[in-house]
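Student: Structural data only, the sequence is not supplied:
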């Protein structure tokens with residue numbers, strides 16, 4: 001990849017599609033939240049639970065699209081939310097139409113991302129499309145009921161990482177593989193543990209000693225503070241994982257974790273300042289993948305990052321990146337100053 005190439009020249013279709021996705025998902029989140037409040041006031045508690053879950057899910061999708069857009073050097077903007085539907089039937093009809101349209105668009109958007117080889121966009125769009133399908137199926141079921149669930153009791157669970165919605169019980173997420181504890185309940189049942197976000201920080205050791213696992217492939221790179229430089233890095237890692245026969249789910253987890261770590265290092269660590277750098281070291285074998293990533297920022301305290309699984313943080317976009325990394329990697333930890341992350345994924 002030519003380091004001087006601009007994002008718009010490398011990913012013109014994908015950037016436009018990310019802008020449209022972000023606009024639509026952020027608007028949908030606000031709209032569904034307004035509808036949920038209205039439905040709750042009118043006595044449609046189960047339907048309101050569904051719309052609260054969908055609103056939260058769209059926040060996740062908008063945040064993911066925003067992160068990938070930053071990854072390729074573009075900042076996104078949303079717009080004012082307008083709601084016109086009134087009755088439960090009209091609200092459900094509107095949502096079903098929008099989810100059908102979104103699914104069709106995602107298919108074409110995915111084709112463009114694949115054509116332009118933008119791995120991060122492929123992953124986030126694919127996950128959002130599958131999660132949106134769960135919204136559609138739930139709304140379709142409610143629409144086909146006699147009274148739109150007015151006198152029924154339905155509880156919904158939304159994956160805090162990808163937004164997949166499931167009814168009645170927590171499961172291993174079929175979209176992103178998140179464990180059961182990563183599902184948020186609507187309405188809340190107080191299930192979530194405030195200590196879920198755990199980081200292991202060795203007291204006297206900052207370097208990771210690679211376990212013996214046969215032949216080890218290594219990769220080292222120093223990037224100037226521009227996220228576009230990290231795109232080549234994730235593509236290289238993706239190719240190496242595929243050649244080593246890693247599963248699609250493991251590749252999905254690793255690439256999303258690396259994407260989040262790259263955004264954090266460039267945007268939050270180096271604060272986008274030219275002249276600062278990001279240092280990356282990776283190692284790959286048939287048994288494990290390891291990566292360390294260090295920026296030249298002041299560092300931070302991971303334990304102080306808000307947990308997005310707690311009710312009071314549900315509408316906060318910050319913290320989802322670290323939560324995702326922590327959930328998808330086998331183990332993560334930081335150096336003492338908090339400007340270097342270590343990530344280990346066992347196969």
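Tutor: Nice, I can see it. Everything numeric here is computed off the predicted structure, so don't read it as measured data.
Student: which SSE is the spatially most central residue of the chain in?
Tutor: For the chain, the residue sitting closest to the mean C-alpha position, by C-alpha atoms, centre = their mean, is residue 64 at 4.4 Å. Residue 64 is part of helix 45-71, with elements assigned from DSSP states H and E.
Student: Could you check the angle the helix or strand following that helix makes with helix 45-71?
Tutor: Downstream of helix 45-71, the first helix or strand assigned by DSSP H and E is helix 88-115. Interaxial angle of helix 88-115 relative to helix 45-71 (axes from the mean of the first three to the mean of the last three C-alpha atoms, to 10 degrees): 20 degrees.
Student: Run the chain-centre distance for helix 88-115.
Tutor: Here helix 88-115 is found 19 Å from its chain centre; the criterion is C-alpha atoms, centre = their mean, to the nearest Å.
Student: for stretch 32-47, same thing?
Tutor: Worked out by C-alpha atoms, centre = their mean, stretch 32-47 lies 26 Å from the chain centre.
Student: does residue 289 sit in a helix or strand, and which one?
Tutor: strand 288-294.
Student: helices or strands next to the very next helix or strand once past that strand in the packing?
Tutor: Toward the C-terminus, strand 288-294 is succeeded by helix 320-328 as the next helix or strand (DSSP H and E). Under the contact definition 3 or more C-beta pairs under 8 Å, 6 or more residues apart in numbering; DSSP states H and E, helix 320-328 sits against helix 45-71, helix 248-263, strand 340-346. For glycine as for every other residue, the C-beta is placed from the backbone atoms N, C-alpha and C.
Student: 7 Å - rerun?
Tutor: With contacts taken as 3 or more C-beta pairs under 7 Å, 6 or more residues apart in numbering; DSSP states H and E, helix 320-328 sits against helix 45-71, helix 248-263.
Student: List the strands paired with the next helix or strand after it, with their directions.
Tutor: Later in the chain than helix 320-328, the nearest helix or strand by DSSP H and E is strand 331-334. Note on strand 331-334: by DSSP bridges, its sheet partners are strand 340-346 (antiparallel).
Student: mean confidence score for the strand it pairs with?
Tutor: What strand 340-346 shows for mean pLDDT is 87.
Student: same question, stretch 325-334
Tutor: Across stretch 325-334, pLDDT averages out at 82.
Student: So which bits of it are buried?
Tutor: Neighbour-count burial for stretch 325-334 flags 325, 326, 327, 328, 329, 332, 333, 334 (criterion: 16 or more other C-beta atoms under 10 Å).
Student: Also stretch 30-39?
Tutor: For stretch 30-39, the neighbour count (16+ other C-beta under 10 Å) marks 30, 31, 32, 33, 34, 35, 36, 38, 39 as buried.
Student: The nearest residue to the last one once chain neighbours are set aside: neighbouring residues, count only.
Tutor: Just to be clear, that refers to residue 39. Nearest non-adjacent residue to residue 39, counting by C-beta to C-beta, 6 or more residues apart in numbering: residue 48, 4.1 Å away. The local packing of residue 48 (other C-beta atoms under 10 Å) involves 23 other residues.
Student: For residue 48, give me its contacts.
Tutor: Taking C-beta atoms under 7 Å, 6 or more residues apart in numbering as the contact definition, residue 48 lies against 36, 39, 40.
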